[in-house]
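> My questions concern the predicted model and sequence given below.
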Amino acid sequence: MGWVILTGVMIIRWRPFVLSFFLLMGGVAALPVSLVPGSLPAVSALEIDRSELEAAAGADIEFESFLGEVQQFDTAQAIRGIGSALGQGAAEDETYDYFNRYIIRRIIGDPLDRRRAADIIEFSPAARVDHIENVRRILSEFLITAWGYQRGDADLLARFITIYNAVHRGDMDFFVARYREAVSNALDPQRVGIALSYRDWPGQTQMVVPLRGGRDPGDLDAVDPGQLVGPAVIGDLRSRADLGIDDRKAIIEFIERVVEVRLDEIALERAEIEEEREEIARRREDLQQDPAPALDADPQDPLPEATPHADEDDLLPPETPREDPEHEVDQDPEPDRPVQEDAPAPPPEDESLEDEEALREREEALDQREEELLAEEAELGVLMDQLEELYQDTAEDQATLHDRAAPPDLVPFVLADGQGGYEIAVVNLDGPVLAERQIIPLAGRTVLEYRGGLLAVHRGTRRMLLLEPSSLSVRAESERSVRPGSRVVFQGNSILTLIEENGAAFVGEFDSDLVLVRRSADAVSPDTDIVVRGDHVLVQGSRGDLRVLNLQ
């Protein structure tokens, strides 16, 4: 029996060697929210307000996602493509509808209002998203496309946007107080935010992405980190077994960088203001020292016209200076010829008045900039006070954690869910109690140790997961689903198990990143055992006959 190497578009018969290809078939992992670790168009100088999002960071929010049999798979790339399309379609005070399923509204409102603008992402009744991780993928790619965020920051923001909107689901008083009137008018009390259950998402979701002015896409301080260290957030972090030390350290590091950037910008802005004021003072001094122009005739005025009886000197060209200045003085116009008078010169004060008015306007603009700068400095002072308090509390809690007799003994444990299924959780043997809230529904009882992690098959997606034993965070996830209950065998770093195509079972070989490398050319029994001896794999064929696969 031979093997075939899989690509997205063709099947190539494999003989003497192996090439690794990613199989871009299959869908997005339907992982529970608790399993995932914390993770440009012109925009009118608005930015995502991370302060609004991270205020809810420690909220006890657990989303219910669809965990049944997936009828249609969409790749992670396809899911992110929805967010990319929404990001490209977003425009100020415009609405963009993506195939009558997902809608983006960018509402700016009154720029003088100190409250927030918003991007509002709505799910229409035809929306098909049914897992919170897919919601976050859409949001993440939207932030990347619309606001220029890097992937890591976008993933983090997307996580908190969902928590933020779940915490404040239906709370119109909250949104009215914090958002500009135009934003509040666009919100529906029955739909604003996101429900905890995927069943209530289609047609009943308005996720609000808070935007703030005065910053450009990608600025580190485009968000207000003061909300990250609010009492509710810190209280939740401190309620965890590890007191949230690592999370708080990460927040402190972020705020430190924000403070550094803001201090530099404030210093630069203040230097520019002072330089402008000095320039105004120099200009005003020049105006005061500049003598007024003489009121007598302008030396450039035209000379009197020569008379018909002019002497020889008078016939000289106008440009030729006369040698005898008295001759010009003694010349009198003819009695019957009217004297040509010069046009009255404009009052010399007009130009000075105009210059002074321009200087006053520049000073008023500087005064306005100074007021805004003082407000920025005041906000930064509050943030630095919060940072200092966070330093102290975190240091004290870290010392407390260090003084504990011993760390808790945490072990992964497979639980029966009471409905004929199984789940894996982390148990603290000191209780014994569940050490963490996150659990993973399993396709079967089997959980195997692999490369320092735990290999299991997710009940909903039927994909293999490589889990961190102490936290159940996901190290790797297969793009391709596998047959539940089938035998799993390790051969070096490779994993052999059964996959299904068009109702038939095949032996698939996955690499250490859970990427499907190749599969058997012929179908096998869906209930076959898999036994490896050297370079040979013994299986049962689709008709019950014994077959041998050659790994070389």
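Sure, I can see it.
> how is the chain carved up into domains?
Domain assignment for the chain by automatic domain parsing gives 3-26+408-550, 33-228, 242-289+364-406.
> who wins for proximity to Glu356 among these?
Closest to Glu356 of the domains of the chain is domain 242-289+364-406 (CB to CB; 6.7 Å). Every C-beta, even on glycine, is put in place using the N, C-alpha and C of the backbone.
> What mean pLDDT does that closest one get?
For domain 242-289+364-406, the mean pLDDT works out to 84.
> which residues sit in contact with Gly81?
Neighbouring residues of Gly81 by CB atoms under 8 Å, 6 or more residues apart in numbering: Glu141.
> hang on, it in a helix?
Yes: membership of Gly81 in a helix is supported by DSSP: H, G, I helix; E, B strand; the rest coil.
> So that it lines up with my notes, have the first residue be 18 from now on.
All right, first residue 18 from here; so that's Gly98.
> That one and Arg145, how far apart?
13 Å (CB to CB, to the nearest Å).
> Which one of the domains of the chain has the poorest average confidence?
domain 50-245 - the lowest mean pLDDT of these, at a mean of 76.
> picking that back up, turn the domains of the chain into TSV, columns for distance to Asp372.
Below are the domains of the chain laid out as TSV (distance: least, CB to CB, whole Å):
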stretch	distance to Asp372
domain 20-43+425-567	68
domain 50-245	31
domain 259-306+381-423	6
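> Deepest-packed of those, please.
domain 50-245 (a mean of 19; mean count of other CB atoms under 10 Å).
> show me where this structure has helices.
67-71, 93-106, 149-164, 168-184, 189-195, 198-203, 248-255, 262-306, 342-347, 366-420 (DSSP state H).
> nearest to Arg133, of those helices?
Nearest to Arg133, of all those, is helix 189-195, at 5.9 Å by CB to CB.
> Check whether Gly106 really touches Ile120, as I assumed.
No: in this structure, Gly106 is not within contact of Ile120 by CB atoms under 8 Å, at 9.3 Å.
> and for those two, which residues touch both?
Contact criterion CB under 8 Å, 6+ apart; residues bridging Gly106 and Ile120 by contacting each: Tyr113.
> picking that back up, make CSV from the helices of the chain and add distance to Ser498 to it.
Output for the helices of the chain, formatted as CSV (distance: least, CB to CB, whole Å):
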stretch, distance to Ser498
helix 67-71, 33
helix 93-106, 14
helix 149-164, 16
helix 168-184, 24
helix 189-195, 40
helix 198-203, 40
helix 248-255, 35
helix 262-306, 33
helix 342-347, 109
helix 366-420, 41
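> For Leu555, which of the ones you listed is the nearest?
Among the helices of the chain, helix 93-106 sits nearest to Leu555 (CB to CB), with 35.4 Å.
> Compute the inter-axis angle for the closest one and helix 149-164.
Going by axes from the mean of the first three to the mean of the last three CA atoms, to 10 degrees, helix 93-106 is angled at 40 degrees with respect to helix 149-164.
> Report the backbone C-alpha coordinates of helix 93-106 in PDB.
Written as PDB, here are the backbone C-alpha positions of helix 93-106 (Å, rounded to 0.1, in the frame of the first residue of the first chain):
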ATOM      1  CA  ALA A  93      -8.800  30.400  10.100                       C
ATOM      2  CA  GLN A  94      -7.600  32.400   7.100                       C
ATOM      3  CA  ALA A  95     -11.100  32.500   5.700                       C
ATOM      4  CA  ILE A  96     -12.500  33.600   9.100                       C
ATOM      5  CA  ARG A  97      -9.900  36.400   9.300                       C
ATOM      6  CA  GLY A  98     -10.800  37.400   5.800                       C
ATOM      7  CA  ILE A  99     -14.200  38.600   7.100                       C
ATOM      8  CA  GLY A 100     -12.500  40.900   9.500                       C
ATOM      9  CA  SER A 101     -10.200  42.100   6.700                       C
ATOM     10  CA  ALA A 102     -13.100  43.000   4.500                       C
ATOM     11  CA  LEU A 103     -14.800  44.800   7.300                       C
ATOM     12  CA  GLY A 104     -11.600  46.800   7.900                       C
ATOM     13  CA  GLN A 105     -11.300  47.800   4.300                       C
ATOM     14  CA  GLY A 106     -15.000  48.800   4.200                       C
END
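> Distance across stretch 516-534, terminal residue to terminal residue?
Length of stretch 516-534, first residue to last, CA to CA, to the nearest Å: 12 Å.
> hmm, I was thinking of stretch 502-513
Using CA to CA, the end-to-end distance of stretch 502-513 comes out at 13 Å.
> Give me the residues contacting it.
The contact list for stretch 502-513, computed with CB under 8 Å, 6+ apart, reads 460-461, 463, 465, 467-468, 472, 481, 514-515, 522, 524-529, 531, 534, 543, 545-549, 554, 568.
> What about the residues you listed, which are in strands?
In this view, those that belong to strands under DSSP state E are 465, 467, 472, 481, 514-515, 522, 524-527, 534, 548-549, 554.
> okay, among those, which ones form the most distant pair?
Maximum pairwise distance among the ones in strands among the contacts of stretch 502-513 (CB to CB): 21.9 Å, between Tyr467 and Ala522.
> close enough to count as contact, Leu103 and Ile161?
No: here Leu103 lies out of contact with Ile161, judged by CB under 8 Å, at a distance of 11.0 Å.
> before we move on, the earlier item: wait, which of the helices of the chain is closest to Met224?
Closest approach to Met224 among those is made by helix 168-184 (4.8 Å; CB to CB).
> Tell me what angle the closest one forms with helix 149-164.
120 degrees.
> The nearest residue to Ile516 once chain neighbours are set aside pairs with what?
Nearest residue to Ile516 in three dimensions, chain neighbours excluded: Gly525, at 4.0 Å (CB to CB, 6 or more residues apart in numbering). Note on Gly525: beta-bridge partners Thr514, Arg536, judged by DSSP bridges.
> Now for Gly525: which residues touch it?
With CB under 8 Å, 6+ apart, Gly525 has these contacts: Arg497, Val499, Leu513, Thr514, Leu515, Ile516, Leu533, Arg535, Arg536, Ser537.
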